[in-house]
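> coordinates for the following, if possible.
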Amino acid sequence: MIISALHLRPDQTVVELVGTSSVSRATTYRTLRRLADHGLVQHTGETWTLAPRALEGFGIRLPDAGNGHTPAQGWAKVAEQHGTWGIAARRKALHTAERAAYQQALDRFAEHRSRAVVLVHDGRQVLVPKPRPDEIPPTWHAPDGRVLGPVTGRPAADWRVATDGRLILITPADQRSYDELAAGHAEALSEWESVA
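Take a look at the predicted model:
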C-alpha cells in the first residue's frame with residue numbers, strides 16, 4: 001500500500017502517506033524504515049519517494065547505508081530476507097485442504113440426511129434408496145404374500161409383503177385390500193422414480 005501510494009503520488013510526508021495509503025501511522029513508519037533499509041525508498045527532509053527501480057524490487061545504495069544493509073536485488077530476495085517467501089503458496093495449500101475437509105464434512109452430513117446412493121446412468125443421476133428397516137429378507141416371504149414369523153416359521157395374520165419386499169400391516173381399520181395397497185405403493189414408487 002505504501003509503495004502504491006508513493007508510485008501514484010511521489011514526495012509525500014508520513015502524515016500524507018497515512019491518508020493516501022490507508023495504513024496506520026505505526027505501520028507506515030515501520031514499512032518506510034524497512035523499505036529504506038533495502039534502498040527501495042529515499043527521503044529528503046520530511047518527504048519520501050520511491051527509488052528508480054523500486055517497483056521491480058531493486059534498491060539503490062543510499063549515502064547513509066553504513067548500517068550493513070544491502071540494496072534489494074528483486075522482490076524474491078526481499079521476501080526471503082524477511083521470511084515471507086512462499087507464504088502465498090502455503091496459504092493456498094492450506095485453504096485448499098480446508099475446503100476439501102469442509103466438503104467432506106458436508107458430504108458426511110448429507111449422508112445422514114439422505115441414505116440414498118446416487119448412480120449415474122446414461123448421464124442422469126438416479127437415486128437408489130438404501131434398505132429400509134421395513135424390508136424383510138426373502139426367507140420370510142410366504143408364497144401367498146403373507147409374512148412368515150422368524151421364530152415360528154408360520155404366517156403372521158396381519159402382515160403382508162408388498163411387491164417391493166416391504167412390510168404392510170393389515171388392520172381392521174384398513175379399507176383397502178392387500179392388492180390395492182401393493183398397487184398404490186407401486187404407483188407411488190413409479191412416480192418417485194420418474195421425478196428422480
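> need phi/psi at the residue lying farthest from the centre of the chain.
Relative to the mean C-alpha coordinate of the chain, counting by C-alpha atoms, centre = their mean, the farthest residue is R154 (54.5 Å). For R154, the backbone dihedrals (degrees, to the nearest 10) come out as phi -100, psi 150.
> the closest residue to V14 other than its chain neighbours: neighbour count?
Nearest-residue entry for V14: T28, 5.7 Å, with adjacent residues in sequence omitted and distances by C-beta to C-beta, 6 or more residues apart in numbering. (C-beta placed from N, C-alpha, C; glycine too.) The number of residues packed around T28, counting by other C-beta atoms under 10 Å, is 21.
> the residue farthest from the centre of the chain: what's it in contact with?
Residues near R154 by C-beta atoms under 8 Å, 6 or more residues apart in numbering: L148.
> on that earlier part again, residues contacting the residue nearest to V14?
Here T28 is in contact with 2, 14, 17-18, 21 (criterion: C-beta under 8 Å, 6+ apart).
> now, those residues that are in helices?
The helices, defined by DSSP state H, take in 2, 14, 17-18, 21 from those.
> can I have the buried ones of those residues as a PyMOL selection?
PyMOL command restricting those to the buried ones, with burial defined by 16 or more other C-beta atoms under 10 Å:
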select buried, resi 2+17+18+21
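> looking at the ones in helices among the contacts of T28, which is nearest L40?
L40 has its nearest neighbour among the ones in helices among the contacts of T28 in I2, at 9.7 Å by C-beta to C-beta.
> list the helices and strands the strand ranked longest in the chain packs on?
Counting by DSSP state E, the longest strand found in the chain is strand 155-161. Judged by 3 or more C-beta pairs under 8 Å, 6 or more residues apart in numbering; DSSP states H and E, strand 155-161 is in contact with strand 146-148, strand 167-169, helix 178-195.
> list the strands paired with it, with their directions.
Partners of strand 155-161 in the sheet, by DSSP bridges, are strand 146-148 (antiparallel), strand 167-169 (antiparallel).
> now do the buried residues in that strand.
Judged by neighbour count (16+ other C-beta under 10 Å), strand 155-161 contains these buried residues: 155-156, 159-161.
> and for stretch 95-104?
Buried, per 16+ other C-beta under 10 Å, within stretch 95-104: nothing.
> residue ranges with poor pLDDT in this protein?
57-70, 72, 110-119, 121, 126-135, 150-151, 178, 195-196 (pLDDT under 70).
> how close does R53 sit to Q104?
The gap separating R53 from Q104 is 47 Å, by C-beta to C-beta, to the nearest Å.
> circling back: could I get the ones in helices among the contacts of T28 as TSV with distance to L35?
Putting these into TSV (distance: C-beta to C-beta, whole Å) gives the following:
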residue	distance to L35
I2	7
V14	13
L17	11
V18	15
S21	12
